[in-house]
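> Return a 3D structure for these sequence lines:
(chains A and B)
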Amino acid sequence: MSALLIAEHDNKEVKPFTFNAITAASQIDQDLHVLVIGHSCESVAKSISEVPNVKKVIHVDDATYENYLPENFTSVVIKNSENYSHIVCSANTFGKNLMPRVAALLDTSQVSDIIKVISADTFLRPIYAGNAFATVKSTDVKKCITIRPTSFDPAPTSGGSAEIVKAEKEEASTFAKFIKREEVKSDRPELGTARVVISGGRGMGSGDNFKLITAIADKLNAAIGASRAAVDAGYITNDHQVGQTGKVVVPDLYIAVGISGAIQHLAGMKESKIIVAINKDGEAPIFSVADYGLEADLFEALPQFLEELNKLNTIQK
Amino acid sequence: MKILVAVKRVIDYNVQVRVKEDGTGVVTDNVKMSTNPPDDNAIEEAVKIKEAGKAKEVVAVTIGEDKAQETVRKALAVGADKGIHVKVDGIIEPLAVSKILQKIVENEKPDLVFMGKQAIDDDCNQTGQMLAALLNWPQATFASKIEVKDKSLEVTREVDEGLETIETNIPSIVTCDLRLNEPRYASLPNIMKAKKKPLEQINASDLGIDTKPRIEQIKVEEPPKRKAGIKVASVAELVQKLKNEAKVI
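Predicted structure coming up:
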């Protein structure tokens, strides 16, 4: 049997986490096929066909699929699922929304958010906000799996030439309608894939004060993150939230500023390679996961941090 | 209009979870339990819609052992009209939960079903979407704003890129995000009153659903521990360490 991965894209480009999911899916089964559902998305199908791990691309193209609605995607996935032992996609808001709908119709108990492939039926996944790791074995004949993208390296994007086959569209549902998507456009690296992330918490005190973080992010070419408290307080938009119910990030360097370190925040960043905590409360739980802790008032420390960075001859980008 | 809200009893979000030494799970004895946080948002939203005159009845349902009734009582104390407890012991996976909820929906005939987007114990994030599939209803997941219209909902969803707005016809499933609203606390008089509200008990086995887990839990272990870090005395020292020791800038 083979594995079928559902690609995430914006009809022009493949979303980066699809490449991480490809790595995981090809560890499950080397005969990996990728389903590209969208509208006028030939360029996406072509990019995927160039990934060496991919053996075949199934391309379903219709105006129905221009805006991703799980109701419409599900029928296409089900229709094309017959010959596969595993249906796979990323455990981000795309895959979380789609995969359970597919799994229920296949009468499969989904395995969510895996961080390691142990064998074709056994996986490692975090539970309780990453405070425990569970090794689980799926006994379903057809398995539905979502993958934590940051736990797998992205697959190489060139060198392959998989065949692209067209498949038919399915009947569109009429009970759900896309209205709009408000994306925050930014020239910064994406939070999920950035090498450096600097995050602010409630200690920032206001949205305006995030400019102290922005200045350092500019210097380090970093993405900007936030704790749930900072998002709830309206300092910054939800797409910046790091944590159990936000994004999981694994950068080389994570700088937590004015973040106390609730369990739910740690769940989203504690696998980072190097963690820096800047907080005036020396007892804050964030220090328990920090490689380098600085007990200081952030309003003094951040301008000094920028000044020290300015003194360096070179900074890695 | 009638709204069904599904609530789950989980280890309280403030508790530092510990893994059992024998690797069979996490310690739950003498541990504080609460309603799954986004399920509180789901109840709150249903009650607010009722208070705005757009719904007539809010029914809270939970599935689990006897103690799970506490979560239904809490929902009744903040404004739900009726409770349902589906009794089942042991691990129950989202697929089985959604099959049970499907039966409850067939009996209760709600127009909307709300629940939290994810339970903070197993972190599966599946049940709402699965129930929507089984019922062949539209789904509005990760909702941070819900507007009830005549025959549809306009829902703002929190997605990785920012916000997305969709319209779903009623009946519909909505899974709620933490920013949807600010759940109220139950007042003591309302907690007392809630004890008089109806709470129906059903045995899962009477619903004719196979709840046997399909996923074997082989072991549960502690995640790898991070090496203890150091405190630095100054910003200059921090930058020097990041540059020369950690080599990350």
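
> quick one: the nearest residue to A:G203 once chain neighbours are set aside from chain B, how far?
Leaving aside its chain neighbours, A:G203 sits nearest to A:G258 (2.2 Å; criterion: Cβ to Cβ, 6 or more residues apart in numbering or on different chains). Just so you know, the C-beta spots here come from the backbone N, C-alpha and C atoms, and that holds for glycine as well. Look at A:G258 and chain B: by Cβ to the nearest Cβ, to the nearest Å, they are 15 Å apart.

> what does A:K273 give?
Applying Cβ to the nearest Cβ to A:K273 and chain B gives a distance of 7 Å.

> Count the neighbours of the closest residue in space to A:N131 that isn't next to it in sequence for me.
Distance criterion Cβ to Cβ, 6+ apart; nearest residue to A:N131, sequence neighbours excluded, is B:V17 at 4.3 Å. Neighbouring residues of B:V17 were enumerated by other Cβ atoms under 10 Å in any protein chain shown; the total is 19.

> Kindly report the same for B:Q126.
29.

> Same check on A:M204?
Residues near A:M204, counting by other Cβ under 10 Å, number 27.

> any idea of the pLDDT on the residue lying closest to it once chain neighbours are set aside?
Distances taken as Cβ to Cβ, 6+ apart place A:G258 nearest to A:M204, at 5.1 Å, with adjacent residues excluded. Here, the pLDDT recorded for A:G258 equals 98.

> B:A68 belongs to a helix, doesn't it?
Yes - the assignment for B:A68 by DSSP: H, G, I helix; E, B strand; the rest coil puts it in a helix.

> Need phi/psi at B:V235.
B:V235 adopts backbone torsions of phi -60, psi -40, taken as degrees, to the nearest 10.

> Tell me who's in contact with it.
By Cβ atoms under 8 Å, 6 or more residues apart in numbering or on different chains, B:V235 lies in contact with A:294, A:296, A:301, A:304-305, A:308.

> ok, now A:L124?
Contact analysis of A:L124 by Cβ under 8 Å, 6+ apart lists A:114-116, A:118, A:133-136.

> buried ones in stretch B:47-55?
Neighbour-count burial for stretch B:47-55 flags B:47-50, B:55 (criterion: 16 or more other Cβ atoms under 10 Å in any protein chain shown).

> what ranges do the helices span in the stretch 151-300 of chain A?
Applying DSSP state H, counting those that start in this stretch to the stretch 151-300 of chain A gives helices spanning A:210-220, A:228-232, A:263-266, A:298-311.

> Would you tell me which of these gets closest to B:G23?
Of all the helices of the stretch 151-300 of chain A, helix A:263-266 sits nearest to B:G23, with 21.2 Å by Cβ to Cβ.

> and the closest one, how far from the chain's centre?
Centre-to-centre, helix A:263-266 and its host chain are 17 Å apart (Cα atoms, centre = their mean, to the nearest Å).

> can you tell me if it touches chain B.
Yes - counting by Cβ under 8 Å from any Cβ of the partner chain, chain B is contacted by helix A:263-266 at A:263-264.

> any idea which strand is longest in chain B?
Longest strand of chain B, by residue count under DSSP state E: strand B:139-148.

> Using CSV, list the CA coordinates for it.
The C-alpha trace of strand B:139-148 is given here as CSV (Å, rounded to 0.1, in the frame of the first residue of the first chain):
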residue,chain,number,x,y,z
GLN,B,139,-18.2,23.1,10.3
ALA,B,140,-16.8,26.4,11.6
THR,B,141,-13.7,25.5,13.6
PHE,B,142,-11.5,27.7,15.8
ALA,B,143,-14.2,30.4,16.1
SER,B,144,-13.3,33.7,17.6
LYS,B,145,-16.5,35.5,16.6
ILE,B,146,-20.0,34.2,15.8
GLU,B,147,-22.8,36.2,14.3
VAL,B,148,-26.2,34.5,14.2
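
> do that strand and chain A meet at all?
Yes - using Cβ under 8 Å from any Cβ, strand B:139-148 reaches chain A at B:139-142, B:144.

> Columns distance to A:I22 and neighbour count on top of these, output as CSV?
Formatted as CSV, those follow (distance: Cβ to Cβ, whole Å; neighbours: other Cβ atoms under 10 Å in any protein chain shown):
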residue, distance to A:I22, neighbour count
B:Q139, 26, 29
B:A140, 29, 27
B:T141, 24, 27
B:F142, 25, 29
B:S144, 31, 18
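
> farthest pair in those?
B:Q139 and B:S144 (15.1 Å).

> Strands along chain B, start to end?
Assigned by DSSP E, the strands in chain B fall at B:2-7, B:9-11, B:33-35, B:57-64, B:82-87, B:112-116, B:139-148, B:152-159, B:162-169, B:172-176, B:199-203, B:215-221, B:230-232.

> Put together TSV for those strands, with mean pLDDT on each row.
Shown next, in TSV, are the strands of chain B (pLDDT from 0 to 100):
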stretch	mean pLDDT
strand B:2-7	98
strand B:9-11	97
strand B:33-35	97
strand B:57-64	98
strand B:82-87	98
strand B:112-116	98
strand B:139-148	98
strand B:152-159	97
strand B:162-169	97
strand B:172-176	98
strand B:199-203	97
strand B:215-221	97
strand B:230-232	96
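
> With distance to A:E50 added, can I get these in a markdown table?
Rendered in a markdown table, the data for the strands of chain B read as follows (distance: least, Cβ to Cβ, whole Å):
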| stretch | distance to A:E50 |
| --- | --- |
| strand B:2-7 | 44 |
| strand B:9-11 | 44 |
| strand B:33-35 | 48 |
| strand B:57-64 | 47 |
| strand B:82-87 | 50 |
| strand B:112-116 | 40 |
| strand B:139-148 | 32 |
| strand B:152-159 | 27 |
| strand B:162-169 | 29 |
| strand B:172-176 | 36 |
| strand B:199-203 | 54 |
| strand B:215-221 | 35 |
| strand B:230-232 | 45 |
